[in-house]
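S.K.: Return atomic coordinates for the entry below.
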Amino acid sequence: MSSVATAPAGSSLLDQKMKKGPGLLGGLIFVAVILGGLAYCGFNIVSDMGHVTMVSVWPYVLLTVALLIALGFEFVNGFHDTANAVATVIYTHSLEPHVAVVWSGIWNLIGVLTSSGAVAYAVVTLLPVELILQVSSGAGFAMVFALLIAAIIWNLSTWWLGLPASSSHTMVGSIIGVGITNQLMAGNNGTAGVDWDQVIKVFKVLLISPLVGFGVAWLLMLIVKGLLKSRYAPLFEAPHGEEPPPFIIRALLVLTCTGVSFGHGSNDGQKGMGLIMLILIGTVPTAYALNHAVGGAQVVDFVAVSDQTSGILTNHIDKNAVMGDPRADVTDFIKTKNFTPTTMVALRELVEDISHEVGLYKELKAVPARDQQNVRNDMYVASAALSIMQKKHNPVFTDQENQVLANYQKKLDVATKFIPLWVKIAVALALGMGTMVGWKRIVVTVGEKIGKDHLTYAQGASAELVAMATIIAADNFGMPVSTTHVLSSGIAGTMVANGSGLQWSTLRSIAMAWVFTLPAAALLSGGLFWVFRHFSA
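M.R.: Down below sits the predicted model:
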């Protein structure tokens, strides 16, 4: 086989297809969906803020700008990442390009709407805890603006070059940049940076997932060849002209495209949600600091579980321990991971303070406006501290005690780690709009420039099956994963298994983007955070 990479056969036909617009009807439907979604989101924002009293228009301006930037990140994520889901169905002629994009957009929407929010708050926990607690301050907004703008700049740069770089890597890199800069600006205070334990945990997933994509797709392709090639040869052939594959193969490819799109919406769609919630909490804490859907019956249950938790913590208190400010002491433990006798007594006092405050007002929406953010911060700190204690096994709780503490922590998270439906719809619309606008560059890279030969049906199905399973599994574990790298590495794995050969120039470019994404995003966000902090000081 020649070492000179050429465009796969049939790419000119696909190029002609991809240049076609969605048509008048498709355009009208697209506009109607966008306008309907915006109207729904606007109505809910107005409803949520109807009882909020603001003495200045500035918070509204800040909220609008911050939301536009956050949704801008999801928009860029849409046309940067979602294109991966449709590449195989387009290059195997299973679906017309614009049909595939619309179909993918629908399942991205469903994925976003059914997401749990676990990935969203997994991203948030990477941030410096003091910036999360002070999100309504200048430092908090500097953090959010810096990491979002840095992520947008890097994603746009790699998209322009047609490189399937990872939005997950970009976001983690941006968070690291903000954390390190915050640490340096705080006088090299070791407690002011990112949570490195969480960063390492997330980075391991981002590192391993492409290897899983390549290895599993390679193995699956070999198994499929061994079992089916002699019986069903068309499965291992490239498409002929514009002819679609046989029905069963076409159904499989559309199914895997659907699964990857759903998984992308459910996983990648959450990466901006947690930051949007920080923005809402920082600008209008009265409306969004606490989950107002938590009513009287749930509060009664919460108070009862709080009493059980307080009793457990009391059993582990050193009688010689002294305490200062409960939240400050527990926050110090979260930053340093250094458990002391003071930590336990402070956490017990914090649990009792939260229980008293919430029980006094019967339901979360009745907590006075001036106290909403304080109660939320106390809940956030208590939940984070319990999580660290249980992971570090210090102190050692019994299995029964751990069950009670886990139940209490779950109730804290229900009260603070929630995502309104309108936020999910806004993110889904941003992803969908991005997909419609910029999908072609990445599709061409994935479909034409990874392997030397055109994708066969078996290769497309194998890569998509592995990507779908990996992304959905990561979402169930609440871990962010790169759709881009899982799918592109999966396609490379199938090319190797099929003996098709790889275009090493493209793979080198993808690998370079993978290597440089994290440090480049970190430098961008760190520099922007430094600039914004000087303006917001």
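
S.K.: For the rest of this, base every contact and every neighbour count on C-alpha atoms.
M.R.: OK.

S.K.: Low-confidence stretches in the stretch 1-150 of the chain?
M.R.: Low-confidence segments of the stretch 1-150 of the chain (pLDDT under 70): 1-27, 50-56, 59, 80-84.

S.K.: Try it again at 50.
M.R.: Along the stretch 1-150 of the chain, segments meeting pLDDT under 50 span 1-11.

S.K.: For the stretch 201-350 of the chain, which segments are assigned as helices?
M.R.: Using DSSP state H, counting those that start in this stretch, the helices of the stretch 201-350 of the chain run over 247-267, 273-283, 285-288, 296-315, 326-336, 341-361.

S.K.: Run the chain-centre distance for the second one.
M.R.: Read that as helix 273-283. Taking Cα atoms, centre = their mean, to the nearest Å, the mean C-alpha location of helix 273-283 is offset from the chain mean by 14 Å.

S.K.: That one - contacts with which helices or strands?
M.R.: The contact analysis (3 or more Cα pairs under 8 Å, 6 or more residues apart in numbering; DSSP states H and E) places helix 273-283 against helix 58-81, helix 118-124, helix 138-160, helix 285-288, helix 421-448.

S.K.: run the last query once more with 6 Å
M.R.: With contacts taken as 3 or more Cα pairs under 6 Å, 6 or more residues apart in numbering; DSSP states H and E, helix 273-283 sits against helix 118-124.

S.K.: residue at max distance from the center of this structure?
M.R.: In the chain, Asn320 marks the outermost C-alpha relative to the chain mean, sitting 43.9 Å out by Cα atoms, centre = their mean.

S.K.: Could you report the distance from the residue nearest to that residue when sequence neighbours are not counted to Asn498?
M.R.: Leaving aside its sequence neighbours, Asn320 sits nearest to Pro341 (Cα to Cα, 6 or more residues apart in numbering; 7.9 Å). Separation of Pro341 from Asn498 (Cα to Cα, to the nearest Å): 61 Å.

S.K.: swap in Asn407?
M.R.: According to Cα to Cα, Asn407 stands 50 Å off from Asn498.

S.K.: that older thread, the residue nearest to Asn320 contacts Ala321, correct?
M.R.: Yes - using Cα atoms under 6 Å, Pro341 is in contact with Ala321, at 5.3 Å.

S.K.: Neighbour count for these two, which is higher?
M.R.: The neighbour count for Pro341 versus Ala321, taken as other Cα atoms under 10 Å, is higher for Pro341 (16 against 13).

S.K.: and the helix or strand hosting Leu386 with helix 341-361, angle?
M.R.: If you go by DSSP states H and E, Leu386 is part of helix 369-392. Counting by axes from the mean of the first three to the mean of the last three Cα atoms, to 10 degrees, helix 369-392 points 140 degrees away from the direction of helix 341-361.

S.K.: Would you mind listing the buried residues in helix 369-392?
M.R.: Of the residues in helix 369-392, those buried by neighbour count under the rule 16 or more other Cα atoms under 10 Å are 369, 372-387, 389.

S.K.: Check stretch 526-533 too.
M.R.: Judged by neighbour count (16+ other Cα under 10 Å), stretch 526-533 contains these buried residues: 526-530, 532-533.

S.K.: average pLDDT across that stretch?
M.R.: Averaging pLDDT along stretch 526-533 gives 91.

S.K.: cool, stretch 424-442 as well?
M.R.: Stretch 424-442 comes out at a mean pLDDT of 75.

S.K.: do stretch 464-471 as well
M.R.: Stretch 464-471 comes out at a mean pLDDT of 82.

S.K.: roughly how far is it from the heart of the chain?
M.R.: Remark: stretch 464-471 is offset 17 Å from the chain centroid, using Cα atoms, centre = their mean.

S.K.: Give me the residues contacting that stretch.
M.R.: 256, 259-260, 263, 486-487 (Cα atoms under 6 Å, 6 or more residues apart in numbering).

S.K.: do stretch 233-242 as well
M.R.: With Cα under 6 Å, 6+ apart as the test, stretch 233-242 has contacts from 92, 454, 456-458.

S.K.: distance between the ends of that stretch?
M.R.: One end of stretch 233-242 to the other measures 19 Å (Cα to Cα).

S.K.: buried set for that stretch?
M.R.: By 16+ other Cα under 10 Å, the buried positions in stretch 233-242 come out as 234-239.

S.K.: Could you report the neighbour count for Val224?
M.R.: 15.

S.K.: Roughly how far does it sit from Val496?
M.R.: Between Val224 and Val496 the distance is 14 Å, computed by Cα to Cα.

S.K.: can you check Asp268 too?
M.R.: According to Cα to Cα, Asp268 and Val496 sit 28 Å apart.

S.K.: How about Val531?
M.R.: In terms of Cα to Cα, Val531 sits 47 Å off from Val496.

S.K.: I'd say Val135 and Ile281 touch.
M.R.: No - look at Val135 against Ile281 with Cα under 6 Å: they stay out of range, at 7.4 Å.

S.K.: Show me which of the contacts of stretch 233-242 is closest to Thr286.
M.R.: Thr286 lies nearest to Thr92 out of the contacts of stretch 233-242, by Cα to Cα, at 51.7 Å.

S.K.: Counting neighbours, what do you get for that closest one?
M.R.: Residues near Thr92, counting by other Cα under 10 Å: 32.

S.K.: Lys201 now?
M.R.: By the criterion of other Cα under 10 Å, Lys201 has 12 neighbours.

S.K.: Against Ile208, how distant is it?
M.R.: In this structure, Lys201 and Ile208 are 11 Å apart, going by Cα to Cα.

S.K.: next one: Ser266
M.R.: Distance, Ser266 to Ile208, by Cα to Cα: 20 Å.

S.K.: So which of the two has more stuff around it?
M.R.: Neighbours per residue (other Cα under 10 Å) separate Ser266 from Ile208, with Ser266 holding more: 28 against 12.

S.K.: Identify the residue nearest that one in space, chain neighbours excluded?
M.R.: Gly111 (4.2 Å).

S.K.: Could you pull up the contacting residues of the one you found?
M.R.: Counted by Cα under 6 Å, 6+ apart, Gly111 has contacts 262, 265-266.
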